[in-house]
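>>> When you get a sec, could you give me coordinates for this:
(2 chains)
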Amino acid sequence: MSGLPLEGVRVLDLTVVWAGPYCCQLLADWGAEVIRVESIQTMAPATRGLVVWPSRQQLDWSLNAGFGYAGRYPKERPWDKGPFFNSHARNKLSMTVDLRTPEGLDIFKRLVRVSDLFIENNVPQTIEKLGVTYEELRNVREDLIVVRMPGFGLNGPYKNYRTWGAHGEGVAGHSWVKGYPDADPSGRAEVYASDSAAGLNAALSALMALRHRNRTGEGQLIEVSLCENFIPYLGEAIMDYTLNGRVQGTPGNRHTSMAPHGCYPCKGEDRWVVIAVGSDEEWRGLYRAMGNPEWAEDKKFSTVLGRWHHQDELDRHISRWTSGLDHYEIMCRLQEEGVAAGPVLDERDAHNDPHFEARGVFQELADPECGTHRHVGCMWKMSEAPNRLRRPPCHLGADNEYVYKELLGLNSEEYARLEEEGHIGVEPASHLP
Amino acid sequence: MQQIAPKEEPAPPQALSGIRVIDLSQNIAGPFCTKLLADYGADVVKVEPLGGDAARRMGPFYKDQPHPEHSGLFMHLNTNKRGVTLNLDSATGRKVLRELAKDADAMIEDLGPGAVERLGLGYDILRKLNLRLVVTSISDFGRTGPYRDYKAVEMMYYAMGGPMYATGDPEREPMKTGGNVSQYQAGSAAALATMTALFAAELQGKGAHIDLSIMETQLGSIDRRSSRLLGYQYTGVVGPRSLDIFGIGSGPHPCKDGWINLLGGEFGFERMCAMIGRPELIEDDRFSTREAQAQSGSVEAFEEYYLPWLLERTKQEVWSQAQDFRIPSGVINTTEDLLADVNFRERDVWAEANHPVVGRVTQPGRPFIMYRTPWRLRRPAPTLGQHNQEVLCGELGFSKSELVVLKESGAI
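This next block holds a predicted model:
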């Protein structure tokens, strides 16, 4: 008994890439038994890797982008060693089955019978071609809850549109309202915030549906479109249009009223701090923290409107000051004076930050293949359920025995036959690149 | 478009019917959390200080006229909630809050670490009144730790918690996300945390106290932050900012009437050549291998064929073509484009509220579709103190003259 709130809930996880796996991770973190339904006959797109055996060049590309594999150039089982997958695979189980075969489909349906939730985020036709849509699975388990997370929607002209991460985010309107104001969209960078938003809201929807089921016995289908789900996150820009007909562009790092408000260079290589001043009191705090410089005594900076109108000049002065100081030093000095400021933390900084350390944000997990590393722990703290990460990222097929023999009741002969027929295994088939 | 349900039709059930939430939060994260719960059926009583939620002072304002009932942000974030005013600095106000908490399933607060305890409204006290109560405390840095009392703004959440370092042009300062995306994400996380505890509380009869730090909702994870943090652990390498990661032809490009984002490189470049009617370009020495594509000058050389083709077509035309050629892609919509899009209209993405002061206003509707227990816009965001009588008299049993005393003495 783990004492965790979602203990006893079983989830079939047929998710890929990021948003779906992240949703399932959130449920697994709080006690649900999440079973990744994987395959050794096909490779799920961009999930455990782009290919089964990444080339040296691909491994270098990942390494230099910050997503390097455990061991950098793993010679064995690279599909168990990438951080892109492993960051959301902790606390989960993995089994393998070839869903393209009638027997594989039958195994899946037997799993459905003993599961509460089925969550997937493949392109819509994947599930339809396999014959495991909500309508079909209801015949297997009447009160099943199915969460489907398409890029755009399960119907409509965009249903089968292909999208990678930021494309859907641009459709939702996020790309237009972020980035350097003096650059066109090609010079602004991508952010994948709609993926994490979808993961969170999909997990929320699953629990709401479970609650309804517990009270009424009714399951249901839930549809979380990655693009549509993100629209409420852009409320400010949308309401400005619906109330005032205004089409907002990008303010960059500036704010509608706070000034100064921006990202300033600090001492060292590519070090930055963000500073935001809202009130006259905070301005006086900044002034003191900067050592009462003469330029800041100019009357035009003494009021909110004055600072707002003279931001360019303010930013130049402040940059000159910040450039000589360490980014953490600036945070400490400003926070002491009641001013909002914080360093831009790269991953090394974040792992070494004293506050995150004190909060126990990072937690060590021993992984037999990758070694022992610090993972980001559970996202919040809950008083009645002190929670630690329980299992390392699931290796491919690691839980086949448990799922087939204990959950589905197969004996050793049946298990061996399924191994021979290519359902059960821990290594992708040799024909896969 | 979803309208407020007409009275004659029986309303479909909602997932959170019967759940009662007391909401002390302000600004964005807490209210977005409780909006999610209210929109799917919870009875949310929004408790505002006498001067109102700080979001009432945030734009965009109706006709650019600042006024407590004109904030578009407030209207969006506070749908389906009933509003009361309480002065928690007064003993009477705190007593009323404890009365409200007695029968509630959840309470959401963001008054700051230690604040509710100082007011005698801490979890230890409230759970004695109501064992099954879930209290979700939302704070910037968490209820503990050396930065516990630090001040934070939207940009800081993404800078410290999120991957701002890796976002933007490597030759310039890093860039924040649009709008207040980090705070909305924290709101979703708070709703999930609350629902997780509520789920268990309904089964076991015992609530919990949740300590949710907005910073930690970013670390674990907004964008690809958690993967990057693990990647660093595996290799010691910190990923840089980069504008071009997907190769030749990728990224936002101009069309006749706007911009579109396409995927080229090893994933889509060959299909791109076919799409623009130049399939032979993949054999061209300048573009035929990944090394050649990565040579400086190759991107510009390809754009000589690519840009004229794009500029002759609208972004929707390009998108349709790109999808026919199986090129992952998406138009870059302005808000105007988004509201005009026929697909989203037909899918009922928008809702129309009938706001008591501003009138009919279109706002974002359901984030996701629950087919059996749908999202509903039952009421618009409340005016300040709109439901004082309904809640305090109708539910807590104060008489009308007692309500006057509470008002005049500054308790409500």
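
>>> Pick out the residue in the stretch 151-300 of chain B sitting closest to chain A.
Minimum separation of the stretch 151-300 of chain B from chain A (C-beta to the nearest C-beta) falls at residue B:239, amounting to 1.9 Å. Any C-beta I mention is one placed from the backbone N, CA and C, and that applies to glycine too.

>>> contacting residues around that residue?
Taking C-beta atoms under 8 Å, 6 or more residues apart in numbering or on different chains as the criterion, residue B:239 is in contact with A:64, A:65, A:66, A:67, A:347, B:166, B:228, B:231.

>>> Tell me which two of these sit farthest apart.
Greatest spatial distance among the contacts of residue B:239 (C-beta to C-beta): A:64 and A:347, at 13.6 Å.

>>> So those two - more neighbours on which side?
Taking neighbours as other C-beta atoms under 10 Å in any protein chain shown, residue A:64 and residue A:347 compare with residue A:347 leading, 23 against 14.

>>> any idea how far that one lies from chain B?
4 Å (C-beta to the nearest C-beta, to the nearest Å).

>>> isn't that residue right next to residue B:224, touching?
No - checked against C-beta atoms under 8 Å, the pair residue A:347 and residue B:224 is beyond contact range at 10.8 Å.

>>> ok, so of the contacts of residue B:239, who is nearest residue B:335?
For the contacts of residue B:239, the nearest to residue B:335 is residue B:166 (26.7 Å; C-beta to C-beta).

>>> who touches that closest one in this structure?
A:66, A:346, B:174, B:228, B:239, B:240, B:241, B:242 are the contacts of residue B:166 under C-beta under 8 Å, 6+ apart.

>>> of these, closest to residue A:95?
For those, the nearest to residue A:95 is residue B:228 (28.7 Å; C-beta to C-beta).

>>> Helix, strand, or coil at that closest one?
helix (DSSP: H, G, I helix; E, B strand; the rest coil).

>>> Quick one: the contacts of residue B:239 as JSON lines, columns for pLDDT too.
Below are the contacts of residue B:239 laid out as JSON lines (pLDDT from 0 to 100):
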{"residue": "A:64", "pLDDT": "96"}
{"residue": "A:65", "pLDDT": "95"}
{"residue": "A:66", "pLDDT": "96"}
{"residue": "A:67", "pLDDT": "97"}
{"residue": "A:347", "pLDDT": "98"}
{"residue": "B:166", "pLDDT": "96"}
{"residue": "B:228", "pLDDT": "97"}
{"residue": "B:231", "pLDDT": "98"}
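
>>> now, which of those residues lie within helices?
A:64, A:65, A:347, B:228, B:231 (DSSP state H).

>>> residue in the stretch 251-400 of chain B nearest to chain A?
Closest point on the stretch 251-400 of chain B to chain A, by C-beta to the nearest C-beta, is residue B:330, at 3.1 Å.

>>> is it true that that residue lies in a strand?
Yes - under three-state DSSP, residue B:330 sits within a strand.

>>> Is the residue nearest to it when sequence neighbours are not counted within a helix or a strand, and which one?
Distance criterion C-beta to C-beta, 6 or more residues apart in numbering or on different chains; nearest residue to residue B:330, sequence neighbours excluded, is residue A:167 at 3.1 Å. Residue A:167 belongs to helix A:166-172 when assigned by DSSP states H and E.

>>> Could you give the average pLDDT over that helix?
Averaging pLDDT along helix A:166-172 yields 93.

>>> Stretch B:203-218 now?
96.

>>> can you give me the strands in the stretch 1-150 of chain B?
Assigned by DSSP state E, counting those that start in this stretch, the stretch 1-150 of chain B shows strands spanning B:20-23, B:43-48, B:81-85, B:106-109, B:134-139.

>>> residue contacts, the residue of chain A found nearest chain B?
Nearest to chain B, among the residues of chain A, is residue A:66, at 1.9 Å (C-beta to the nearest C-beta). By C-beta under 8 Å, 6+ apart, the contact set of residue A:66 is A:347, B:166, B:228, B:231, B:232, B:237, B:238, B:239, B:240.

>>> Name the nearest residue to the fifth one, sequence neighbours excluded.
What that stands for is residue B:232. Residue B:232 sits nearest to residue A:347 (C-beta to C-beta, 6+ apart), 3.7 Å away.

>>> need the contact list for the one you found.
Taking C-beta under 8 Å, 6+ apart as the test, what residue A:347 contacts is A:66, B:165, B:228, B:229, B:231, B:232, B:238, B:239.

>>> mind running it again at 6 Å?
The neighbours of residue A:347, taking C-beta atoms under 6 Å, 6 or more residues apart in numbering or on different chains as the test, are B:228, B:229, B:232, B:238.

>>> Which stretches in the stretch 1-150 of chain A count as strands?
Going by DSSP E, counting those that start in this stretch, the stretch 1-150 of chain A shows strands at A:10-14, A:33-38, A:93-96, A:117-120, A:145-148.

>>> what's the answer for the stretch 251-400 of chain A, then?
A:261-265, A:272-276, A:340-343, A:362-367, A:371-376, A:381-382.

>>> Mean neighbour count, distance to chain B and mean pLDDT for these - can I get that in CSV?
Shown next, in CSV, are these (neighbours: other C-beta atoms under 10 Å in any protein chain shown; distance: least, C-beta to the nearest C-beta, whole Å; pLDDT from 0 to 100):
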stretch, mean neighbour count, distance to chain B, mean pLDDT
strand A:261-265, 23, 4, 98
strand A:272-276, 25, 4, 98
strand A:340-343, 27, 4, 98
strand A:362-367, 17, 8, 97
strand A:371-376, 18, 4, 98
strand A:381-382, 22, 4, 97
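
>>> need those strands in a markdown table with distance to residue A:182, can you?
Listed next are these as a markdown table, based on distance: least, C-beta to C-beta, whole Å:
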| stretch | distance to residue A:182 |
| --- | --- |
| strand A:261-265 | 14 |
| strand A:272-276 | 18 |
| strand A:340-343 | 24 |
| strand A:362-367 | 38 |
| strand A:371-376 | 35 |
| strand A:381-382 | 42 |
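
>>> Quick check, central residue of the chain?
Chain wasn't specified; assuming chain A. Closest residue to the average C-alpha location of chain A: residue A:196 at 4.0 Å, with C-alpha atoms, centre = their mean.

>>> To clarify, I was referring to chain B.
Taking C-alpha atoms, centre = their mean, chain B has its central residue at residue B:184, 2.8 Å away.
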